[in-house]
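Engineer: can't give you the sequence, but here's the structure:
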Ligand SMILES: C[S@@+](CC[C@H](N)C(=O)[O-])C[C@H]1O[C@@H](n2cnc3c(N)ncnc32)[C@H](O)[C@@H]1O
């Protein structure tokens, strides 16, 4: 699968339970367990335990606060975990919390035309296509097996005809969309992390994002907390991307620290 692999902290999280949607992103609970094992000072035991409870409890509490998944979202998650070709990559799903957030943004933005870069098994594509105003959902994906997976799960559903999948490298597919004169109300970037900067530049320089009202959401922007210290290749790429956006006078932006971090970018209203 042509996706940068998740390193260090993510590898501590292999114990994700396939039957649960809950996934720990930061790796902090595992790190705190290690500290607890190594700790020889009983006075610190309680404090370390409290830290673990806070970190583990917060993510679960936030997830429990989300609106329930729709039947189709739940089916995609379940079958991604079950299918032997996709189960080992199930951590790539945007998941219940991320899914709930992007759904709300699409609803608030009343997004009609939505573009996704990096479809995988279609969880976020289905999430967006089920929002009230979505008329067209375009998904860019490089892996032909993912198209087969998604198409077979969409058959006979209400969103089947809304979702268009363009196979190939996202950079080439973006050029195709530009030639077609497409613009989008919402663009979700969730593919190879070393491509985010180029995708963003192409989108902004070629008018693919609806001016004024358009929103870009970028998943995994914190990259298991390695973007801030650039301790992984993905973290370095994403830091460079964030720095570029911060000095881009055309937009306003902020990082939402849920899941693995979502970067929300919109055109400046005054431009
Ligand atoms: C993190 S997954 C997407 C998860 C999906 N958005 C979801 O929430 O379920 C990233 C996807 O991007 C695809 N991808 C990686 N590099 C790509 C590229 N250069 N062009 C298009 N798709 C790419 C991978 O094949 C993978 O399916």
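Structural biologist: Great, that's in hand. On a predicted model such as this, the values are computed, not experimentally measured, just so you know.
Engineer: Output the contacting helices and strands for the helix or strand of the chain with the lowest mean pLDDT.
Structural biologist: Ranked by mean pLDDT, DSSP states H and E, the weakest helix or strand in the chain is helix 28-38, scoring a mean of 88. Here helix 28-38 touches helix 42-64, going by 3 or more Cβ pairs under 8 Å, 6 or more residues apart in numbering; DSSP states H and E. (Glycine included, C-beta is placed from N, CA and C.)
Engineer: by contact count, what packs against the helix it packs on?
Structural biologist: Using 3+ Cβ pairs under 8 Å, 6+ apart, helix 42-64 sits against helix 28-38, helix 95-108.
Engineer: Give me the contact list for the longest one.
Structural biologist: The contact list for helix 95-108, computed with Cβ atoms under 8 Å, 6 or more residues apart in numbering, reads 21-23, 59, 62-63, 66-67, 69, 73, 77, 94, 114, 123-124, 127-128, 130-134, 186, 188, 215, 217, 219, 256, 258-260, 262, 264.
Engineer: do that again at 7 Å, thanks
Structural biologist: The contact list for helix 95-108, computed with Cβ atoms under 7 Å, 6 or more residues apart in numbering, reads 21, 23, 62-63, 66-67, 69, 73, 94, 114, 123-124, 127-128, 131-132, 134, 186, 188, 215, 217, 219, 256, 258-259, 262.
Engineer: mind listing what the helix or strand just after it pairs with, with the direction of each?
Structural biologist: Heading C-terminal from helix 95-108, the first helix or strand you meet, by DSSP states H and E, is strand 113-117. Counting by DSSP bridges, the strands paired with strand 113-117 are strand 136-141 (parallel), strand 186-189 (parallel).
Engineer: and the protein, which residues reach the ligand?
Structural biologist: Within reach of the ligand by Cβ under 6 Å from any ligand atom, the chain has these residues: 1-3, 92-94, 118-121, 123-124, 140-143, 146, 169-170, 190-192, 195.
Engineer: For residue 195, give its distance to residue 145.
Structural biologist: Between residue 195 and residue 145 the distance is 20 Å, computed by Cβ to Cβ, to the nearest Å.
Engineer: These two: which has the busier surroundings?
Structural biologist: Between residue 195 and residue 145, counting by other Cβ atoms under 10 Å, residue 195 is the more crowded of the two (19 against 13).
Engineer: from memory the more buried one sits against residue 170, does it?
Structural biologist: Yes - using Cβ atoms under 7 Å, residue 195 is in contact with residue 170, at 6.3 Å.
Engineer: What residues does the residue sitting nearest the centre point of the chain make contact with?
Structural biologist: Computing the C-alpha centroid of the chain and ranking residues by Cα atoms, centre = their mean puts residue 219 first, at 3.4 Å. Counting by Cβ under 7 Å, 6+ apart, residue 219 touches 94, 98, 190, 260, 262.
Engineer: okay, and for this structure, where does confidence drop off?
Structural biologist: For the chain, applying pLDDT under 70 flags the ranges 1-25, 270-271.
Engineer: hmm, back to that, same list, the helices and strands packed on helix 42-64, but as TSV with mean neighbour count please.
Structural biologist: Shown next, in TSV, are the helices and strands packed on helix 42-64 (neighbours: other Cβ atoms under 10 Å):
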stretch	mean neighbour count
helix 28-38	14
helix 95-108	21
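Engineer: surely residue 32 meets residue 49?
Structural biologist: No - counting by Cβ under 7 Å, residue 32 does not reach residue 49; the two are 8.5 Å apart.
Engineer: And the helices in the protein, which stretches?
Structural biologist: All helices of the chain, identified by DSSP state H, fall at 28-38, 42-64, 71-82, 95-108, 123-129, 144-154, 170-179, 196-205, 233-246.
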